[in-house]
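Give the three-dimensional model of this entry:
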Amino acid sequence: MREWWYSHPYLVSWIVLALSMVTILLVSSRDVALLPLQRFWLVVATVGLAGLCVWIIAWEDDPLDGESDPPA
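Below is the predicted model of the structure:
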């Protein structure tokens, strides 16, 4: 598992963040009268939002952002 984390850190971060966000979504909306299809699309949107969050955070790790030397 540790090797997989080191070889795919953004994917693992996306999975962990998405699971956390979906759990919060489902717990907080359990008393709301939503149709199953509405709940499904909220989960899909939440997973997509988690992916965007990880992607934006990954911009900070970009070595070609103009602040460092490009690889030779």
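
give me the low-pLDDT residue ranges for this protein?
Residue ranges of the chain with pLDDT under 70: 1, 62-72.

Can you tell me the centre-most residue of it?
In the chain, the centroid-proximal residue (C-alpha atoms, centre = their mean) is Ala50; its distance is 2.8 Å.

Which of the helices or strands spans Trp55?
According to DSSP states H and E, Trp55 maps onto helix 36-58.

Ile24 now?
Assessed by DSSP H and E, Ile24 sits inside helix 9-28.

Name the residues of that helix that are buried.
Residues of helix 9-28 classed as buried by neighbour count (16 or more other C-beta atoms under 10 Å): 13-14, 17-18, 21-22, 25. C-beta here means a position set from N, CA and C on the backbone, and glycine is covered the same way.

re the thing from before, check which helices and strands the helix holding Trp55 sits against.
helix 9-28 (3 or more C-beta pairs under 8 Å, 6 or more residues apart in numbering; DSSP states H and E).

What helices and strands are in contact with the helix it packs on?
When contacts are defined as 3+ C-beta pairs under 8 Å, 6+ apart, helix 9-28 packs onto helix 36-58.

can you tell me which residues contact the closest residue to Leu49 other than its chain neighbours?
Spatial nearest neighbour of Leu49, excluding adjacent residues (C-beta to C-beta, 6 or more residues apart in numbering): Met21 at 7.1 Å. Contact analysis of Met21 by C-beta atoms under 8 Å, 6 or more residues apart in numbering lists 46-47, 49-50.

ok, residues contacting the helix holding Trp55?
Here helix 36-58 has contacts from 10, 13-14, 17-18, 21-22, 25-26, 29, 34, using C-beta under 8 Å, 6+ apart.

Rebuild those as TSV, extending it with distance to Trp41.
Formatted as TSV, the contacts of helix 36-58 follow (distance: C-beta to C-beta, whole Å):
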residue	distance to Trp41
Tyr10	24
Ser13	23
Trp14	19
Leu17	19
Ala18	15
Met21	14
Val22	12
Leu25	11
Leu26	13
Ser29	12
Leu34	10
